[in-house]
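*Asks:* Make a model of this:
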Amino acid sequence: MPALVAAAGAPPGAELSPAQRLRTIEVATAGRRRRLGPLRRSSARPGFARAFERLLDELLEHGPASLGGVSVARTEPLTTNDGSKFFLADGSWLLVRSSGTEPLVRVYTEATSAELRDALVEAGEHLVRGA
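*Replies:* Residues are numbered from 1 along each chain as shown. Just a heads-up that it's a prediction; the model follows:
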């Protein structure tokens with residue numbers, strides 16, 4: 001680390017400025033690239049996109065009649081086209097959507113009680129997993 005601090009242009013033990021911290025990262029990364037070669041990272045999961053698209057289609061076409069024991073009053077696709085929101089008769093709701101940053105599906109809910117909230121989360125997880 002002292003060599004990296006020196007490479008950033010700071011004396012040993014000194015507090016690094018944001019620019020010096022960035023330079024330290026650049027020096028460390030360059031050294032790693034020399035030792036390991038070009039780096040590549042991929043987190044794409046092609047199967048996820050297709051599976052999620054099928055899930056959205058199924059939820060819109062064959063959405064649940066009830067969630068957590070409360071009837072679903074209406075279902076709306078999100079304007080972002082990455083999920084659906086289910087509005088329950090008592091004013092509660094459940095939202096199922098793609099993370100947008102990770103290959104996973106998120107379940108959100110707001111309910112009239114803690115018990116219903118928990119039941120809705122479980123129902124949402126069941127919808128997503130298809131179990």
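*Asks:* T109 is in what secondary structure piece?
*Replies:* If you go by DSSP states H and E, T109 is part of strand 105-110.
*Asks:* Mind listing the strands that strand pairs with, and their directions?
*Replies:* strand 93-98 (antiparallel) (DSSP bridges).
*Asks:* I'd like the average pLDDT over the partner strand.
*Replies:* For strand 93-98, mean pLDDT is 89.
*Asks:* Nearest residue to the middle of the chain?
*Replies:* S99 (3.2 Å; Cα atoms, centre = their mean).
*Asks:* give me the beta-bridge partners of the closest residue to that residue other than its chain neighbours?
*Replies:* With Cβ to Cβ, 6 or more residues apart in numbering as the criterion, S99 has its nearest non-adjacent residue at 5.5 Å, and that residue is R106. Bear in mind the C-beta positions are built from the backbone N, C-alpha and C, glycine included. R106 has the following beta-bridge partners by DSSP bridges: R97.
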